[in-house]
Structures are given as structure tokens and as C-alpha cells.
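Visitor: Mind folding the following:
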Amino acid sequence: MSDFIASMDTQLSQFVSQLRQGNLPGRAAQRQYSPSWAYGRHFTSTPLRHHKAAVMLLLYRDADGWWLPLTKRPSTLPDHPGQISLPGGRIEAGESSLEAAIRELNEELGIAVEPTAVIGQLSPLFVYSSRHQVTPWVACIERRPLWVPAADEVERVIEVPVAKLMEMKSPQTSFLKRGEASLRFPAWLFADETVWGATAMILNEFRWLWGAEAQS
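Guide: Take a look at the predicted model:
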């Protein structure tokens, strides 16, 4: 994998170097997309009773640059129905977070990656609404895979050019109805979908590391 990274482009090599050195912006990047009604609860100490989860950002190269997939969750799911997410889920007994991220990627999108394809880890994030402590991992493959989405977990695969993530520099505003209240929150609007919450917070840290802040 190191030879592959070096042969592809300097930007990817620099990104991997930052990941491996632990130069993560963490809360500074995540906070830009944290809903105001969370009152900072994403950044408090993780409660004793919580679920551990892992997600995977899968980078792949296509003719016009780097891409990664997001998924739209079916409205029938108990957690975050209808929302845009990264492939992932709860860590099972006896698994590491990396093993869970690799397994969930395969179960949701039919993509099997080897641990050697994993290039690093982003900052963990506590999702207070569902009491999940989420560890994001990043893997890299050489070309666009053939998606085989699991119908019970994935309504739609959304392929995102990494170059488009640069638009996340300035969050847009979206609204959510909760009873009689209309709640505002920062979001990224892409492909007729609203990307917000934990997914947007994780993607924004990736964006910072990829070099958007250095270029701004």
C-alpha cells in the first residue's frame, strides 16, 4: 500500500502522513457541523452506558480524482432512519473497531478490504442522541469498486468526489421539525440530500486534513 500511495499523488501521501502522525483537528473541525441544540454534548465525557461503533471512509480513485461513498439509510431502521451516513455500525463482542469497520463495509456495500488497505483513523465522536461512541477509519483502494448494497441497510449509495467536499467550508442551514419546534442545524447539501450531524462532523475533519483549510 505504501508504494501505491506514493505512486498516486502528493496530496494523498500528505494526508496519510498527517493521519499517522496523529495531527488531527478533532473538535475544531467537528464543531463547525455540530447542531446548536446539542449544547456541546458531542464533546462531553462519554457516559458509562453507551454503545461502541465504527465507520469507514473508503477512498477510491476514478479518472477525475478521489471519491468516497456515503449511504442513505432506509426509513425503517431504528437508529437515524432516512439519514445520510458512512458505512458502519456497532462493534460486536470480541471485535476491534477496525475489524468492525471492515465488516460493516462488506455487509452494507459488499466491499471486502484487507487491513493493509486501511491508512489511518480520524477522531472518535460521541453521538449523544443514540449514545454511540463512533471511531472513524479511512481505507484506500486503487479503483472504483462494484457496489452491492444490502437492501435492508442501504436505500441508496451516494458517490462523493473528494473535491466536492471542499464546499463544506461554509455550512449551509437546514431545518428539522420536532413536534411543534423547527430546529436549525448546519448541513452540507449534496446530490439532493442533506448531510448533517455526526456524518457531516466526521467529513469536515477529513476535509481539514485533506488540505482544504491550508488552501483557504
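
Visitor: C-alpha from now on. contacts and neighbour counts both.
Guide: Will do.

Visitor: which secondary structure element contains the closest residue to V16 other than its chain neighbours?
Guide: Sequence neighbours aside, I119 is the residue nearest to V16 in space, at 6.3 Å (criterion: C-alpha to C-alpha, 6 or more residues apart in numbering). Applying DSSP states H and E as the criterion places I119 in strand 118-121.

Visitor: just checking, what packs against the next helix-or-strand element following that strand?
Guide: Counting by DSSP H and E, the next helix or strand C-terminal to strand 118-121 is strand 125-127. With contacts defined as 3 or more C-alpha pairs under 8 Å, 6 or more residues apart in numbering; DSSP states H and E, the secondary structure elements packing on strand 125-127 are strand 132-141, helix 197-210.

Visitor: I'd like the ones you listed laid out as a markdown table, including distance to L70.
Guide: Conversion of these to a markdown table gives the following (distance: least, C-alpha to C-alpha, whole Å):
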| stretch | distance to L70 |
| --- | --- |
| strand 132-141 | 13 |
| helix 197-210 | 9 |
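
Visitor: Burial-wise, tell me which of those comes out on top.
Guide: Counting by mean count of other C-alpha atoms under 10 Å, helix 197-210 has the highest mean neighbour count of these, with a mean of 24.

Visitor: picking that back up, what lines up beside the strand holding I119 in the sheet?
Guide: In its sheet, strand 118-121 lies beside strand 132-141 (antiparallel), with partners assigned from DSSP bridges.

Visitor: where are the low-confidence patches of this protein?
Guide: When residues are selected by pLDDT under 70, those of the chain lie in 1-8, 37-48, 77-81, 129, 177-182, 212-216.

Visitor: in it, which spans are strands?
Guide: Taking DSSP state E as the criterion, the chain carries its strands at 51-62, 65-72, 84-85, 88-90, 118-121, 125-127, 132-141, 156-161, 172-178, 181-190, 193-196.
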